[in-house]
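J.: Okay, here's the prediction I keep looking at, along with the sequence it came from:
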Amino acid sequence: MTTAPTEQITDVSVLRAGRWEDGQTDRWADVFNPSTGQVIARVPLCTPAQVDAVVAAAARAQTAWGNTSVVERARVMFRLRQLVERDFEALSRLITREHGKTLAESRAEVQRGLEMVEFACGIPSLIMGQTLANIATDVDAEAVKHPVGVCVGITPYNFPHMVPMWMFPVALVCGNAFILKPSEKVPLSAVRLGELVMEAGVPDGVFNVVHGDKACVDALLNHPQTSAVSFVGSTPVAQAIFETATGAGKRVQAAGGAKNHLIVMPDADLDLAVKALAASAYGCGGQRCMAGSVAVAVGSAADPLVSGLCDHAAGMKVGPTDGAENVDMGPLIRREHVHRVAGYLDVAGEDGAAVVLDGRQSSGGDGFLLGPCVVDRVETNMRVWREEIFGPVLSVVRASGLDAALAVGEQCDYGNGASIFTRSGHAARQFKQNFNAGMIGINVGVPAPMAWFPFTGWNRSFFGDLHIQGTESIAFYTRQKVTLTRWFRDANESAADPVWASGAKKS
């Protein structure tokens, strides 16, 4: 076995009021390169005192920023777009280095983040208010959107570039200050984003970066000067953040976990379905909330689908991704996560399912590798179906017909996404109308919406009212003020005044 050269370890900094600072803490966490298993950085686990200093800086900066022309705020995003395009490849390689996804997947992630910046550039035309003259006699009404204040983004490890981009471009153009708390597993992309935002011309204190674990998060959630919290992560943490932050009087959007179902009908294009299911289940190592984790094979589709999935997945190249272009699936985020995901294969076998493709045979080397897995004849009472695995494990549930497949979805606690593969318009319509999920695909493996549409998780996949992305995100990062206006003629003004005599009115 060849040992990879030792990587230089750097200390990650905190961004406060336009300056990069050392972490003022005795607690640090290691950041790994999942392809090599080596530590590449140390990230500070910030104390409540340092969090308080960052929030105070954001609150001081927000007032002037909120009073800045929305057109000027949008121009910062135009400049940020240019900078992201300039550094596109370097950003992609940084994601691969700290997360482990393939370079193709990292490039796609940067592109999706870029689309959110483009959406934010158009906010001046989307943030306009409403007016109605003479809503009552001589009374005019107007509704105007205002910033909410200091906003917090708590983001996961699986999309270290894209998920922050879901949040802060919209929040900033809407006039808020923003504090990004990335996953301590992948802080390097967040730091680079902070550098680019500052280079784009955001005033000091308007965009800030802190790092940490639960102590840091709790300080942000309970701070009296934070007004809104956006979160993406697991369902238990999403629920806890929602309950804590709303209890502290803040608005919250908290996207949680998923168990996305992919239904394959007997009339489906099997080759298309196999490739789409494999891409959905094993893309990013299965570490995404829109990954297809359950294939529901309907009727006669079952045996050929399972056979096709095993053949296709077994041929995928699994290996280190840092610096490699020809890898189909990279490592998972941590070695302990590999053990956790692989443990579900043993649990599935004990519950009576059939492990027909065991990805542990693809593991090896110094990186955190686990190959694609297929588990057949899964039932809805099994842990492998009920629980979010967040890894390259695809469960296959067999259903007698479309109604039975829809019933499988009804039993699921989650509700992020689901897709159907069929040539039947009727089946597609029934699925679209009735499946228990907020994002639906028809012959699409990953029905994740682009920036202009909301990310509409249902059930225990989302806690809150206004979703991330689209115009719902603008509503989340603004609050409305309604003004009723009536002007009276000054008693000293004569009705014989030519202006009044003409029927025109003075203000």
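T.: Structure's in. What do you need? Quantities reported herein were computed from a predicted structural model and do not represent experimental measurements.
J.: Every contact and neighbour count from this point should use C-alpha atoms.
T.: Fine.
J.: And the strands in the stretch 351-500 of the chain?
T.: Using DSSP state E, counting those that start in this stretch, the strands of the stretch 351-500 of the chain run over 354-357, 373-376, 393-399, 417-421, 439-442, 462-464, 478-485.
J.: Figure out the helix or strand that the residue nearest the centre of the chain lives in.
T.: For the chain, the residue nearest the mean C-alpha position is residue 163 (3.9 Å; CA atoms, centre = their mean). Per DSSP states H and E: residue 163 is located in helix 162-173.
J.: Can you name every helix or strand that that helix contacts?
T.: Packed against helix 162-173 by the contact rule (3 or more CA pairs under 8 Å, 6 or more residues apart in numbering; DSSP states H and E) you find helix 70-86, helix 103-121, strand 150-154, strand 177-181, helix 470-476.
J.: What pairs with the next helix or strand after the second one, parallel or antiparallel?
T.: Same thing as helix 103-121. Proceeding N to C from helix 103-121, the next assigned helix or strand is strand 130-136, under DSSP H and E. Take DSSP bridges as the rule and strand 130-136 pairs in its sheet with strand 139-147 (antiparallel).
J.: Run the angle between the partner strand and strand 177-181 for me.
T.: Computed with axes from the mean of the first three to the mean of the last three CA atoms, to 10 degrees, the direction of strand 139-147 lies at 30 degrees from that of strand 177-181.
J.: mean confidence for strand 139-147?
T.: Across strand 139-147, the average pLDDT comes to 97.
J.: Ok, stretch 8-18 next?
T.: Stretch 8-18 comes out with an average pLDDT of 95.
J.: ok, now stretch 282-300?
T.: Per-residue scores along stretch 282-300 average to 97.
J.: What is the end-to-end distance of that stretch?
T.: Using CA to CA, to the nearest Å, the end-to-end distance of stretch 282-300 comes to 24 Å.
J.: Pull out the buried residues from that stretch.
T.: By 16 or more other CA atoms under 10 Å, the buried positions in stretch 282-300 come out as 282-298, 300.
J.: now that stretch, how far from the centre of its chain.
T.: Computed by CA atoms, centre = their mean, to the nearest Å, the separation of stretch 282-300 from the middle of its chain amounts to 18 Å.
J.: Might you list the low-confidence residue ranges for the stretch 151-300 of the chain?
T.: Residues of the stretch 151-300 of the chain meeting the criterion pLDDT under 70: none.
J.: now the helices for it?
T.: Taking DSSP state H, counting those that start in this stretch to define them, one finds helices in the stretch 151-300 of the chain at 162-173, 187-200, 214-222, 235-247, 270-282.
J.: neighbouring contacts of the second one?
T.: Residues outside helix 187-200 that contact it (CA atoms under 8 Å, 6 or more residues apart in numbering): 12-13, 15, 18, 31, 43, 76-77, 79-80, 83-84, 91, 94-95, 98, 160-161, 164, 180, 182, 204, 207-209, 211.
J.: how about a cut-off of 7 Å?
T.: Helix 187-200 is contacted by residues 76, 79, 80, 83, 94, 95, 160, 161, 182 when judged by CA atoms under 7 Å, 6 or more residues apart in numbering.
J.: Might you report the residue contacts of the first one?
T.: Right, residue 76. Per CA under 7 Å, 6+ apart, neighbours of residue 76: 200, 201, 202.
J.: Can you tell me the closest non-neighbouring residue to the last one?
T.: Distances taken as CA to CA, 6 or more residues apart in numbering put residue 76 closest to residue 202, at 6.6 Å, once the chain neighbours are dropped.
J.: mind checking pLDDT for the one you found?
T.: 98.
J.: so how far is residue 206 from it?
T.: Residue 76 is 12 Å from residue 206, where distance means CA to CA.
J.: Could you do residue 334 as well?
T.: Going from residue 334 to residue 206 by CA to CA gives 33 Å.
J.: So for those two, which residue has more residues nearby?
T.: Neighbour count, other CA atoms under 10 Å: between residue 334 and residue 206, residue 206 has more, with 28 against 21.
J.: quick one: contacts for the more buried one?
T.: 58, 61, 62, 177, 178.
J.: residues near the nearest residue to the third one once chain neighbours are set aside, how many?
T.: By that I understand residue 62. Spatial nearest neighbour of residue 62, excluding adjacent residues (CA to CA, 6+ apart): residue 177 at 5.1 Å. Using other CA under 10 Å, residue 177 is surrounded by 32 other residues.
J.: hang on, residue 177 packs against residue 207?
T.: Yes - using CA atoms under 7 Å, residue 177 is in contact with residue 207, at 6.0 Å.
J.: Residue 51: which of the helices of the stretch 151-300 of the chain is closest?
T.: helix 214-222 (6.6 Å; CA to CA).
J.: just the strands of the stretch 351-500 of the chain: most buried one?
T.: Each of the strands of the stretch 351-500 of the chain was scored by mean neighbour count; the highest is strand 417-421, a mean of 29, by mean count of other CA atoms under 10 Å.
J.: counting contacts, what elements does it pack onto?
T.: strand 260-264, strand 439-442 (3 or more CA pairs under 7 Å, 6 or more residues apart in numbering; DSSP states H and E).
J.: Which of the contacts of helix 187-200 sits closest to residue 127?
T.: Distances from residue 127 to these, taken as CA to CA, are shortest for residue 76 (16.4 Å).
J.: Tell me how far residue 20 lies from residue 152.
T.: Residue 20 sits 18 Å away from residue 152, taking CA to CA as the criterion.
J.: more neighbours, the two?
T.: The neighbour comparison of residue 20 against residue 152 (other CA under 10 Å) goes to residue 152, with 27 against 16.
J.: was I right about that one contacting residue 232?
T.: No - with contact defined as CA under 7 Å, residue 152 does not reach residue 232; the gap is 11.7 Å.
J.: first vs last residue of stretch 94-114, how far apart are they?
T.: End-to-end distance of stretch 94-114 (CA to CA): 16 Å.
J.: Give me the contacts around it.
T.: Stretch 94-114 has contacts (CA under 7 Å, 6+ apart) with 32-35, 81, 88, 92-93, 160-162, 165-166, 186, 189, 284, 321-322, 325, 327, 329-333.
J.: Which residue is the nearest non-sequential neighbour of residue 46?
T.: Nearest non-adjacent residue to residue 46, counting by CA to CA, 6+ apart: residue 212, 5.1 Å away.
J.: residues contacting the one you found?
T.: Counting by CA under 7 Å, 6+ apart, residue 212 touches 44, 45, 46, 184.
J.: now do residue 273
T.: With CA under 7 Å, 6+ apart, residue 273 has these contacts: residue 421.
J.: just how off-centre is stretch 425-442 within its chain?
T.: For stretch 425-442, the separation from the chain centroid amounts to 23 Å (computed by CA atoms, centre = their mean).
J.: Let me know the average pLDDT across it.
T.: The pLDDT scores in stretch 425-442 average 98.
J.: Reformat the helices and strands packed on helix 162-173 as JSON lines; add distance to residue 135.
T.: Shown next, in JSON lines, are the helices and strands packed on helix 162-173 (distance: least, CA to CA, whole Å):
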{"stretch": "helix 70-86", "distance to residue 135": "28"}
{"stretch": "helix 103-121", "distance to residue 135": "32"}
{"stretch": "strand 150-154", "distance to residue 135": "34"}
{"stretch": "strand 177-181", "distance to residue 135": "35"}
{"stretch": "helix 470-476", "distance to residue 135": "24"}
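J.: Identify whichever of the ones you listed lies nearest to residue 432.
T.: With CA to CA, the closest approach to residue 432 among the helices and strands packed on helix 162-173 belongs to helix 470-476: 20.7 Å.
J.: buried residues in that closest one?
T.: By neighbour count on 16+ other CA under 10 Å, the buried set for helix 470-476 is 470, 471, 472, 473, 474, 475, 476.
J.: now, among these, which is nearest to residue 459?
T.: Closest approach between the buried residues of helix 470-476 and residue 459, by CA to CA: residue 472, at 17.8 Å.
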